[in-house]
Structure formats: C-alpha cells, structure tokens
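Q: got a sequence here, can you build the structure:
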Amino acid sequence: MFAPPPAAFHFSVVFELPQFPSDIRFKEVSGLSVSTEFESVSEGGENRFTHQLPTRLNYGDLTLRRGAPLGSGVSYWARKALEEFSFKPANLLISLLNEKHLPIWNWYVVGAVPKQLEMSSFDAMQSEIVIETLVLSYQYFTYADPVSAALDAAGAISGSVSVSV
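A: This is a model prediction of the structure:
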C-alpha cells in the first residue's frame with residue numbers, strides 16, 4: 001500500500017548533554033547534508049574523459065533554530081565554547097517523528113561543536129518571539145530508518161544486498 005512521504009514539521013533534537021526540557025524544542029533544523037569530493041585522474045592514451053575517484057565526504061553545517069529559552073544546557077554548552085574557547089564535542093540525535101511520536105528517520109550527528117550562536121533582532125514595533133540560532137560544525141552523521149535496517153539485515157543474511165564504493 002502507498003504511504004505518503006512524512007511531514008517535516010514533527011521532529012525531535014536530543015543532545016548528549018545535560019539538558020532542560022526546553023532543549024528539545026527546536027522550530028527548525030537545516031543542513032543535514034553530505035557530499036563527496038572527487039579527484040580527477042587522467043589515463044595515458046585516453047583523451048575522451050578523466051576518471052573521477054571519490055576521495056572523502058564533506059558534511060555541511062547544521063543549523064538549529066528555536067524560541068530562545070530562559071534556561072538551557074545546550075545554550076550554556078554553546079556559550080561556554082564560544083565565549084571561553086572551551087570546545088567540548090557533543091553528539092546529538094535528530095529524529096523525524098510520525099503521528100504517534102515514534103521516530104521514522106534518524107540522524108545521529110557525531111562530534112558537533114558550536115560554530116555560531118545568534119539571537120534574532122529586538123524590535124519594539126514588532127510582537128515576535130526572540131529566536132536563537134545555533135550553527136554547529138560536526139564530523140559526520142549516520143542515518144537510520146526501518147527500511148535501511150531491513151535491507152542491512154537482509155544483506156547480512158543472504159549476502160545478496162550490498163552497496164560498496
């Protein structure tokens with residue numbers, strides 16, 4: 001049976017840090033991206049093309065936005081890093097949730113450190129919530145969903161499902 005793509009508005013962000021309940025209430029997550037660098041290698045006698053060999057992966061910056069909390073372990077961690085130049089990498093789990101609040105897609109982000117912490121502008125003529133934006137640099141992320149887990153299990157059992165570079 002056809003299942004529609006999941007909605008992007010129901011998600012959670014959990015840091016492996018001491019936290020307050022407000023630390024999981026983000027309004028936006030962006031920057032979960034990975035790309036591959038390639039090295040061009042020319043082959044002697046072959047002038048029609050160059051071989052493109054993958055060399056390494058690049059992960060984009062992760063941006064988290066939320067209404068600025070009054071107390072936050074995550075904000076404290078970020079301020080400590082940026083104000084005192086005391087960087088302590090942390091891992092976090094980003095999960096896209098279904099209507100029953102169960103994770104359907106998961107991204108486990110490893111070795112995140114704060115790169116930027118920004119508060120939205122204050123304007124006496126506007127009635128808006130103060131937004132805190134946290135930009136993180138990280139080493140890599142792993143992705144998990146039920147279908148990938150099933151394919152990995154099937155490949156482990158039968159050896160017929162494999163992906164390699």
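Q: where exactly do the strands run in this protein?
A: Secondary structure of the chain (DSSP state E): strands at 11-15, 28-30, 34-41, 51-59, 62-67, 90-97, 103-119, 131-137, 140-144.
Q: got TSV for those strands, with mean pLDDT, mean neighbour count and distance to Met125 too?
A: For glycine as for every other residue, the C-beta is placed from the backbone atoms N, C-alpha and C. Converted to TSV, these look like this (pLDDT from 0 to 100; neighbours: other C-beta atoms under 10 Å; distance: least, C-beta to C-beta, whole Å):
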stretch	mean pLDDT	mean neighbour count	distance to Met125
strand 11-15	93	17	32
strand 28-30	96	14	24
strand 34-41	94	10	42
strand 51-59	94	11	39
strand 62-67	96	19	19
strand 90-97	95	18	35
strand 103-119	95	17	18
strand 131-137	97	18	17
strand 140-144	93	14	40
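Q: and those: which comes nearest Glu83?
A: Glu83 sits nearest to strand 103-119 of all these, at 9.2 Å, using C-beta to C-beta.
Q: pairing partners for the closest one, with directions?
A: Within its sheet, strand 103-119 is paired with strand 90-97 (antiparallel), strand 131-137 (antiparallel), strand 140-144 (antiparallel), according to DSSP bridges.
Q: distance to Arg65 added to those, as a markdown table?
A: Below are the strands paired with strand 103-119 laid out as a markdown table (distance: least, C-beta to C-beta, whole Å):
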| stretch | distance to Arg65 |
| --- | --- |
| strand 90-97 | 13 |
| strand 131-137 | 5 |
| strand 140-144 | 18 |
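Q: quick one, which of those gets closest to Met119.
A: Each of those was checked against Met119 via C-beta to C-beta, and the shortest separation belongs to strand 131-137, namely 5.9 Å.
Q: quick one: contacts of that closest one?
A: By C-beta atoms under 8 Å, 6 or more residues apart in numbering, the surrounding residues in contact with strand 131-137 are 27, 61-69, 74-75, 78, 109, 112-120.
Q: kindly state the pLDDT recorded for the residue of the chain positioned farthest from its centre?
A: Here the centre of the chain is the reference, and by C-alpha atoms, centre = their mean the most remote residue is Gly45, at 43.7 Å. For Gly45, the pLDDT comes out at 84.
Q: identify the bridge partners of Val41.
A: His51.
Q: quick one: the most centrally placed residue in the chain from Phe49, how far?
A: In the chain, the centroid-proximal residue (C-alpha atoms, centre = their mean) is Leu32; its distance is 4.2 Å. Relative to Phe49, Leu32 is positioned 32 Å away (C-beta to C-beta, to the nearest Å).
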